[in-house]
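# Need a 3D model of the following:
(2 chains)
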There are 2 protein chains.
Amino acid sequence: MRTYRILLIIASLFLHDFGYCQQKNYIKWVDPFIGTERMGHTFPGATVPFGAVQLSPDTDTVPFSINGKYNRDVYKYCAGYQYTDSTIVGFSHTHFSGTGHSDLGDILVMPTIGKLKLNPGIASNTQTGYRSKFSHSDEHAEPNYYKVKLMDYSILAELTTTARVGLHRYTFPESDSAHIIIDLVHGIYNYPDKNVWTFVRVENDTLITGYRQTSGWARTRTVYFAIAFSKPFKSFGIVNGEKLLYKGFWRKFDQNSNFPENAGRQIRCHFDFSTKANEQILLKVAISPVSTAGAIENLTAETPNWNFEAIKQEGQKLWNNELGKIDIATLDERDMINFYTSMYHAFLSPTIYMDVNRQYRGLDQNIHIASNFDNYTTFSLWDTYRALHPLFNIVQPKRNIDMINSMLAHYSQSVHHMLPIWSHYANENWCMIGYHAVSVIADAAVKGNDGFNLNLALEASVQSAQNEWYDGLGYYTKLGYVPEDKSSSSVSKTLEYAYDDWCIAQLAKKLNRMDVYKDFSNRSLNFQNVFDSSIQFMRPRLSDGSFKTNFDVLSTHGQGFIEGNSWNYSLYVPHNPEVLVSMHGGKKQFESYLDSLFHMYLPDKYFAETEDITRDGLIGNYVHGNEPSHHVAYLYLWTDSPWKTQQTVRNICSRMYNPTPDGLSGNDDCGQMSAWFIFSALGFYPVAPASASYAIGSPLVTKATIKLDNGKTFTISTQNQSANNVYIQKILLNGKPYNSNFINHIDIVNGGELTFIMGSKPKIQKKKLKK
Amino acid sequence: MRTYRILLIIASLFLHDFGYCQQKNYIKWVDPFIGTERMGHTFPGATVPFGAVQLSPDTDTVPFSINGKYNRDVYKYCAGYQYTDSTIVGFSHTHFSGTGHSDLGDILVMPTIGKLKLNPGIASNTQTGYRSKFSHSDEHAEPNYYKVKLMDYSILAELTTTARVGLHRYTFPESDSAHIIIDLVHGIYNYPDKNVWTFVRVENDTLITGYRQTSGWARTRTVYFAIAFSKPFKSFGIVNGEKLLYKGFWRKFDQNSNFPENAGRQIRCHFDFSTKANEQILLKVAISPVSTAGAIENLTAETPNWNFEAIKQEGQKLWNNELGKIDIATLDERDMINFYTSMYHAFLSPTIYMDVNRQYRGLDQNIHIASNFDNYTTFSLWDTYRALHPLFNIVQPKRNIDMINSMLAHYSQSVHHMLPIWSHYANENWCMIGYHAVSVIADAAVKGNDGFNLNLALEASVQSAQNEWYDGLGYYTKLGYVPEDKSSSSVSKTLEYAYDDWCIAQLAKKLNRMDVYKDFSNRSLNFQNVFDSSIQFMRPRLSDGSFKTNFDVLSTHGQGFIEGNSWNYSLYVPHNPEVLVSMHGGKKQFESYLDSLFHMYLPDKYFAETEDITRDGLIGNYVHGNEPSHHVAYLYLWTDSPWKTQQTVRNICSRMYNPTPDGLSGNDDCGQMSAWFIFSALGFYPVAPASASYAIGSPLVTKATIKLDNGKTFTISTQNQSANNVYIQKILLNGKPYNSNFINHIDIVNGGELTFIMGSKPKIQKKKLKK
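Numbering: from 1, shown residues only, chains lettered A, B, ... in the order given. Below you'll find the model as predicted:
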């Protein structure tokens, strides 16, 4: 696969005309299949940057639970697609990228011919339903374009999108019984009661409208739609698969056949055609968070015609602009693909969540108007506060402000008086821990990307940190730590609250609210309360003050941590590494602690516990596939061996990112894994978002030019760069020697050039470098 | 009961001060308990004229089906209340008045003290749940005011309303565990799957918001609410009774206790207080068809303060104004009560269906703005086209135009291209037959109450009459009748379509669309196609043209009729009595046919089949409790014995309307039964709405003054009126002898005086009187 793809890319360098020749073609370096095998949980389908529609093939529909018990297989299908599958159920319009829990998969469309089948059937025998076999040799994906041959029906399916509309082009064989199935029961992470309600109207013979209301990860979620057909259907059916206790007076009518309205919990539709050989039927599927009227408005505004090629190219132009914000050169194509696919994955979400008329559904389920910002949803903040939002402060500053404004709107609408934790589609799903929106907000504020209401932001941050009912927070504020006997994952919570509190302090300082600064600076030291100096590990404490007995520093289960063990989480003090180092016994001991982390062998019994990752996702006991240690490789900068950061970062870059479907070692997590790679490939990383400082690692690029919104550019260049020359010998900033392992945000946004002179041997630094 | 009530009324004549002394007090003649026993299906609770909120006690909650089978007991509870019950479940905010199928019962509120109980419990033992025993001696109802003592808790409950807000006043005993239960599972015509979704937020300690989404008679119905408490609750719970397959990350929280948001299918809430003796806690419950934001806006606009008395009196002023539109005098109080209670019942629905900001939910489930009309819902048109809407053309002309505009909006939003059949709450429930909105429209147009878009109205009427998929209409247009083998109740449908078509013709004539007039005039003769002259009865035909064999003219089941047998329906040609008479063999034979209808004894086996009525609801084989014969008493005017109309009408007035809880002989049907009484008591009746002519019966009043919107008055006065003197001897119009059995609408709206000189003997008319 890889060789084939690289050849294709090289060929396309010479042959492909995007119709905007003056600009460099970046999208050719994007391989949407990366991460679609195993645990990357990315999707290969079509979408525009941050688009509301992610139109992508779903290869299976595994129920979340069977007979009330969790079905482990559902996890594979977080993004609907697994590369190793050989059948496609259909093409649905909403997908998370890289999540480890899931939802969505709304409005599945599937073209078929022959006998009408309204159930998806099973993968081992596609004759049992409407699904079809497919082959990767008949499949192709690039940003905003996906195509596949549906083998069972000899139908070529092609997909492209605008922000709010999915455009399908189906090339049919000759048939007097061609069908387009619209399955509104289908969904990701489905279970029998997930479909709350579905409403469908056939407005005329080329337009249908409706909505799908579900209760899943988002408990009260509704997606409205409008679907236009390029050709009138000759007949149709909206079939409710439910056995109804109460039939009402609708029972007068045969609602299953050519009856223009139906509603219920198990609705599937079919639209029937006669087709000539190679006849193309196109569908525009617009979605809205507000209403079917909103969906129609989106449809009309974004896809006024049926020009598939134009819509595809328009979306690809958007992609090329976004990807081109960082122009890089690398030693080999592999890194180009990894880099631009990471950029692609980093720019998939958060997603736009409002109609073209600026209306959106708020957390209070009321309709609001985003008059002075673009409203976004899908905030996987426990993941993305770390590197994705910091990346946005460099290359997507305007969007990051809109995202913060979206979070502040969420706060204003929150009956819990909370900023978002993990929110999607006008819902808070409460997944994971902390209140990391405060990190995103403080990071932007501290970096001067502060075009939002800072006072409201501080109020929202402080209020979020004071909700005593929230996840052990009452105990945290009273005791200075979360007691494990009262709230599980107590150490992770304590450590992350402490970091978040430091973020709030930074925001307060900026606003000269020294009272708040002092309070939250004090709270930010709470990490010390869960450190057991007798064993030199973070360790859960109970409400009586004692440390948990029967404690296992390698286990991730029931030990007071989440998505990490104590060994990893004992390094989670991103905002105060100096104190962390001294807690661990000073630089030397800290360095050997880090060494042991990266070099020990994690026994199988502990690996088996590790969530969301594969064995190749481990480096020693370091788990790159989970986020809590994403800053850890950079902690060597606080030892006397910063070169170990350089070595480790390059090692992670090459081992944890591969340009293959199984190339991601864990969930991409809405772009956080990708953002880590982008930063690290450029040579620096935000160890503590909400500081304006980046830790310097080892650039993977030979050259990179960051095109800033202010019109300036910041260039990273290297000398003597190679796969072996991972060690920095010397740094020049704007041509002058630069004697720090840290670089400030202001130096980047002011534009300039950072030059790395590389070498094959570590440059042992004698002089202590301070942050 | 009756004596007690009459004494009370007489006393109130002298004692009651309504604060608007200059105006006569009409509301004292209204007894909201009339029709609450047996089959009247009225409710005794508080509401304002045509108000969106009908806040009324529900005495039981019987499921629509048990184990998938229809539960006959549910029928009793169409309005939630049965006078013979001895327990109250609580007070809910939406009720139909007089329907024979049901829905609603939204947002049940119940105050309790002591141990918290969240289930309603059973009537035979109120200790099993939150319900309470009550006694009629502790109960009182008047327009816009209801009170009852809840015996189990010694709580006095008082209710009043504005158009969109229900105001509760509960007087508690001393208790440290007082509760206000809000049961969102409760509903009328409930069954396990009826609750589709419920969403509740506790905004603060005195405000909650949310919505209740159900699928019942209205398939996709949502009621949004906002509830304000006069006193902060000390604790609360929003409890979902459902066993959840998927718990999401909400499982982190104890959602049942003081957690400010919950959602699900089985939500009940409690709000807890400590109360002093006689402490009053008030609740404002605002509803909205649009959103919780809309509900809050309604709440703020309509109930800016907590002044229960002022709100009650404001609503009673509205009632007094509406009731006073016809000022009458009668021979005895009984008729005063019957008349003004009928006026009250006639002005309960259709109900306003839009927020104070004019937003409403349309049939397409989108939000619309009623910019140039007030939007109404609850159109029980098969019932109300007969007399209720004609009554509105006299005393509610503005509202009737708004109702027609609401119907036209429904048509514009209808994916079925239909005017409403039976519509409520942004849904078409398809109950009963015909497309009688066309009658309402044509009646208003012909009578010059035509301030609506007449061309759109004609388009909508014609389109509604051309939908071949609708209820046998395709056959009707092709064959000239609905064949019983293709569509049941075929004769009723044929006869009613024929009448409706005549209405469309009248509208077309007014617009000088003579093509349409001709077409639909022809269609209006289709009643002839189902008359079997060999037996002189209307009789179902099959699609081969033959008449149904095994035909029983007295049975209402499976004979081609609905809510009537052939004997009654054979008189259903309201628009062409002349031809009807000749079909029946001429005047003499027709008269004896009518005589037999009113004087035969209906054998028990047929009575058992008769829907919605009691044995006292029969006069011979005439069933006043069902609507198809409502015009029949007036058909004697087309014989040589108009005095038999006079006799029969007075007979029906005295036998079918009693000022007692069981005083209605059948469902009030959203005011149709009441409107029949109002017209008949005044002395005339609209036999064929969409003609501008009324048939003259025999006035029950001694005097009546109709106050018209144009400032004029039309007075009916009588001479020599008595219970025996039911026969008209002479009529004067504006003092001049009037020699017709019909009076024109123009004579009424021009103002004037119609004087009836009554006598105890029929005045046998020699001269033929023409319509």
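
# dump the residue contacts of the residue of chain A most remote from its centre.
No residue in chain A sits farther from the centre than residue A:252, which is 47.8 Å out by Cα atoms, centre = their mean. Shown in contact with residue A:252 (Cβ atoms under 8 Å, 6 or more residues apart in numbering or on different chains): B:430, B:471. C-beta here means a position set from N, CA and C on the backbone, and glycine is covered the same way.

# ends of stretch A:601-619, how far apart?
Length of stretch A:601-619, first residue to last, Cα to Cα, to the nearest Å: 8 Å.

# close to chain B, is that stretch?
No: applying Cβ under 8 Å from any Cβ of the partner chain, one finds stretch A:601-619 separated from chain B by no less than 14.9 Å.

# how far does that stretch sit from the chain's center?
What separates the centre of stretch A:601-619 from the centre of its chain is 22 Å, taken as Cα atoms, centre = their mean, to the nearest Å.

# okay, now the residue in the stretch 551-700 of chain A positioned nearest to chain B: neighbour count?
Closest residue of the stretch 551-700 of chain A to chain B, Cβ to the nearest Cβ: residue A:562 (11.8 Å). A count of nearby residues for residue A:562, using other Cβ atoms under 10 Å in any protein chain shown, gives 21.

# Is there a neighbour count for the closest residue to it other than its chain neighbours? I'd like the number.
Nearest residue to residue A:562 in three dimensions, chain neighbours excluded: residue A:489, at 4.1 Å (Cβ to Cβ, 6 or more residues apart in numbering or on different chains). A count of nearby residues for residue A:489, using other Cβ under 10 Å, gives 24.

# same question, residue A:697
Using other Cβ under 10 Å, residue A:697 has 29 neighbouring residues.

# now what about stretch A:354-366, what contacts it?
Stretch A:354-366 is contacted by residues A:164, A:220, A:222, A:288-290, A:294-295, A:297-298, A:301-302, A:353, A:367-371, A:374-375, A:409-410, A:413-415, A:423, A:425-428, B:199, B:201, B:209, B:211, B:291-293 when judged by Cβ under 8 Å, 6+ apart.

# Just the ones in helices from these, please.
Members of these lying in helices (criterion: DSSP state H): A:294-295, A:297-298, A:301-302, A:409-410, A:413, B:292-293.

# farthest-separated two in those?
For the ones in helices among the contacts of stretch A:354-366, with distances taken as Cβ to Cβ, the pair at the greatest spread is A:302 and B:292 (30.0 Å).

# Those two - which one has more neighbours?
Legend: neighbour count by other Cβ under 10 Å for residue A:302 and residue B:292, higher for residue B:292 (23 against 20).

# so what's the more buried one up against?
Residue B:292 touches A:364-366, B:201, B:209-211, B:224-226, counting by Cβ under 8 Å, 6+ apart.

# what about 6 Å?
By Cβ atoms under 6 Å, 6 or more residues apart in numbering or on different chains, the contact set of residue B:292 is B:209, B:224, B:226.

# Chain neighbours aside, what residue packs nearest to residue A:274?
Nearest residue to residue A:274 in three dimensions, chain neighbours excluded: residue A:176, at 4.8 Å (Cβ to Cβ, 6+ apart).

# Could you give the number of residues near that neighbour?
With other Cβ under 10 Å as criterion, residue A:176 counts 11.

# all helices of the stretch 351-500 of chain A, in order?
A:381-384, A:388-395, A:397-413, A:437-446, A:454-464, A:473-479, A:490-510 (DSSP state H, counting those that start in this stretch).

# What helices and strands are in contact with the fourth one?
Counting contacts by 3 or more Cβ pairs under 6 Å, 6 or more residues apart in numbering or on different chains; DSSP states H and E, the secondary-structure elements packed against helix A:437-446 are helix A:388-395, helix A:397-413, helix A:490-510.
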